[in-house]
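> here is my input, please return the structure:
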Amino acid sequence: MKELGIVLFIFISLIILSIGIDFFLTKGDLHEIIITAVNPFRVMDIPEMVIMILFILRYFLEKAVELWKKIKKYGVDVGKVNREGN
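Predicted coordinates for the structure are as follows:
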């Protein structure tokens, strides 16, 4: 529970910082600034989206290779829990 509180505190602090920077740099509409801060995908260009998708794919590929190595080493029963109580 403590970690969740820390994560939420950092998240909210970063959102407030982003809104503050946008407000002082653009002097624009506060509603538009809040929408941009909460939904960052609206301001991303195509190359940024492609890089983000590649990073996500790389992460999942690394996890799949890690899982494949565990399955090859320990067999198909990787991660199963013995619930019989023996």
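> okay, now the domains of the chain?
Per the record, the chain has its domains at 1-43, 44-76, by automatic domain parsing.
> hey, least reliable of those by pLDDT?
Least confident of the domains of the chain, judged by mean pLDDT, is domain 1-43 with a mean of 82.
> so where does the residue nearest to the spatial centre of the chain fall, helix or strand?
Nearest to the centroid of the C-alpha atoms of the chain, with distances taken as C-alpha atoms, centre = their mean, sits Ile56, at 9.0 Å. In the assignment (DSSP states H and E), Ile56 maps to helix 46-74.
> what's the offset of that helix from the middle of its chain?
Averaging C-alpha coordinates over helix 46-74 and over its chain gives two centres that are 14 Å apart (C-alpha atoms, centre = their mean, to the nearest Å).
> what comes up buried for it?
Using 16 or more other C-beta atoms under 10 Å as the test for burial, helix 46-74 gives no buried residues. To be clear about C-beta, it is placed using only N, CA and C from the backbone, and glycine gets the same treatment.
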